[in-house]
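>>> Any chance you could fold what I've pasted below:
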Amino acid sequence: MGLLKNVPPLLTADLLHVLRSMGHGDTLVLCDCNFPAAEVATKTTSGKHIQLSVDLPTALDSICTLLPLDFFEEYQAKIMAPQNGITSKPPTG
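Okay, the predicted model is just below:
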């Protein structure tokens, strides 16, 4: 039986399966609690909502050790930010 070496421990079996199933041009969403991830996950090919209990930079560094970004795309990553002119924050909870 083989042993996986140098795999960051926060990458769960479910996440490793999803990463292995991805191909060029596929999208992976890393988000915080303000994004409707559970709902969006139901509409994906895996149907899995995978939660990591780390901050975004740690998750991104760990994932990119195994799955590099596609540099043939014009934009390898996208971010969400409040729209211009929005002064109030949405309610939390």
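>>> How far off centre is the helix ranked longest in the chain?
In the chain, with assignment by DSSP state H, the single longest helix is helix 56-66. Relative to its chain's centre, helix 56-66 lies at 9 Å (C-alpha atoms, centre = their mean, to the nearest Å).
>>> So for it, what gets flagged as buried?
For helix 56-66, burial by neighbour count (16 or more other C-beta atoms under 10 Å) applies to 59, 62-63. In short, each C-beta sits where N, CA and C put it, glycine included.
>>> Now do it: which elements does it pack against?
Counting contacts by 3 or more C-beta pairs under 8 Å, 6 or more residues apart in numbering; DSSP states H and E, helix 56-66 is packed against helix 13-21.
>>> and the helix it packs on, what does it pack onto?
Against helix 13-21 (3+ C-beta pairs under 8 Å, 6+ apart) you get helix 56-66.
>>> Can you pull up the most central residue in this protein?
residue 30 (3.0 Å; C-alpha atoms, centre = their mean).
>>> how far away is residue 42 from residue 48?
9 Å (C-beta to C-beta, to the nearest Å).
>>> go on, residue 80?
21 Å.
>>> which sections of this structure are below the confidence cut-off?
Scanning the chain for pLDDT under 70 picks out 1-3, 86-93.
>>> in it, which spans are strands?
Taking DSSP state E as the criterion, the chain carries no strands.
>>> Now do the longest helix of the chain: everything it contacts.
6-8, 10-11, 15-16, 19, 28, 30, 32, 52, 54 (C-beta atoms under 8 Å, 6 or more residues apart in numbering).
>>> Nearest to residue 85 among those residues?
Residue 85 lies nearest to residue 32 out of these, by C-beta to C-beta, at 22.1 Å.
>>> Could you give the number of residues near the closest one?
9 (other C-beta atoms under 10 Å).
>>> I'd like the distance between the nearest residue to it once chain neighbours are set aside and residue 43.
Of all residues beyond its chain neighbours, the one nearest residue 32 is residue 56 (7.2 Å), with distances taken as C-beta to C-beta, 6 or more residues apart in numbering. Going from residue 56 to residue 43 by C-beta to C-beta gives 22 Å.
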